[in-house]
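Trainee: Okay, here's the prediction I keep looking at, along with the sequence it came from:
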Amino acid sequence: MDFTVFIQLFLNGLSIGSVYAIFALGYTLIFSILGIINFAHGAIFTLGAYFTYALTGGTFGFNGVWANARLPLELPFFLALLIGSILSGLVSVLLERLAFKPLRARGADSLLTLVSSLGAALVIVNLIQYLVGAEIYTFPSDIYGNIPAAINFGTAQRPIMIRTVQIIIFTVSALMVTLLTYLVNYTKMGKALQAVAEDEITASLLGINPEIFIVITFFVSGFLAGLAGTLVGSSVSIAGPYFGISYGLKGLGVIVLGGLGSIPGAVIGGLLLGLAESFVPADFSGYRDAIAFAILFMMLMVKPEGLLGRKRIQKV
């Protein structure tokens, strides 16, 4: 393989993988606190893209209750991205209060929680389709301002052209990962989150209110999902209400690859999965997902707890 092509594929893989990583972090946070997988995470991902699209002045299509509707405002993209992600976080908190808390209060089996989250995901996706239809929506080409469409990281003779939006996605993702790592490892809030994750009862005896930190966890998880959804939507398009489903499956693969409950593992797993997809030959592009998950399967045959996961001890 030509070195220039290798570098281009490598940079593309980092951009794709950074989205997988930031998306998987939401899964990881909730799993580390409650020990459950939130299958509605992909629906929140989709919802975040729609929120930002509406806040930037986007007009909805010809189907749905809100056909041809648009908000009476048009915010700058990065402000709309922030507000859309916050709204996604609030929806995630509402989801926790309605779909998770009642089951947790009754001490229900974790399988019921999975079913509840699946039901919530279907409600959100179908509500989106009912309100705005199933059309594909795209952000304006100048959504990031008057910046070049691509940047050459090579030379005039051997160009390595990377789309500017991919660089922005990687930069924002890296910033979010850094902030989240700092929050969890170096702040009082992060220490409290770790305490709740380790033992909820003991944490409550130490004066920590687990419910507050569960709400915070769901908000941060939803914020990250909404952020990732908008970044993907701005790079390609919002491909209908179900476009977060495939990313939800990728996110599950990432946290399994990196290690359940491990924040560094989610980052490494996301980057590795993105690189694996990027280096799939063009002739086999239709099998990109299958090849990536085949690599995941083979790795887990060797190390089932994931790259940075810990073997769980079953107490009896």
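Mentor: Good, I have the coordinates.

Trainee: Only the buried residues of stretch 25-45, if you could.
Mentor: 25-34, 36-45 (16 or more other Cβ atoms under 10 Å). To be clear about C-beta, it is placed using only N, CA and C from the backbone, and glycine gets the same treatment.

Trainee: Okay, and which of these map to helices?
Mentor: 25-34, 41-45 (DSSP state H).

Trainee: export stretch 99-116 as PDB, just CAs?
Mentor: Extracted C-alpha coordinates of stretch 99-116, given in PDB (Å, rounded to 0.1, in the frame of the first residue of the first chain):
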ATOM      1  CA  ALA A  99     -38.100   3.900  32.300                       C
ATOM      2  CA  PHE A 100     -35.300   3.100  34.700                       C
ATOM      3  CA  LYS A 101     -36.100   4.500  38.200                       C
ATOM      4  CA  PRO A 102     -39.400   2.700  38.700                       C
ATOM      5  CA  LEU A 103     -37.800  -0.700  37.900                       C
ATOM      6  CA  ARG A 104     -34.800   0.100  40.100                       C
ATOM      7  CA  ALA A 105     -37.000   1.100  43.000                       C
ATOM      8  CA  ARG A 106     -38.700  -2.300  42.800                       C
ATOM      9  CA  GLY A 107     -35.400  -4.200  42.500                       C
ATOM     10  CA  ALA A 108     -36.400  -5.500  39.100                       C
ATOM     11  CA  ASP A 109     -34.200  -7.900  37.100                       C
ATOM     12  CA  SER A 110     -31.700  -6.200  34.800                       C
ATOM     13  CA  LEU A 111     -33.300  -7.900  31.800                       C
ATOM     14  CA  LEU A 112     -36.500  -5.900  32.400                       C
ATOM     15  CA  THR A 113     -34.400  -2.700  32.300                       C
ATOM     16  CA  LEU A 114     -33.100  -3.700  28.900                       C
ATOM     17  CA  VAL A 115     -36.600  -4.400  27.600                       C
ATOM     18  CA  SER A 116     -37.700  -1.000  29.100                       C
END
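
Trainee: From the ones in helices among the buried residues of stretch 25-45, pick the one nearest L111.
Mentor: L34 (13.6 Å; Cβ to Cβ).

Trainee: Grab the nearest non-local neighbour of the closest one.
Mentor: I214 (6.9 Å; Cβ to Cβ, 6 or more residues apart in numbering).

Trainee: Quick one: name whatever helix or strand follows the helix or strand containing the one you found.
Mentor: Following DSSP states H and E, one finds I214 within helix 210-235. Downstream of helix 210-235, the first helix or strand assigned by DSSP H and E is helix 243-258.

Trainee: which residues in the protein form strands?
Mentor: 150-152, 161-163 (DSSP state E).
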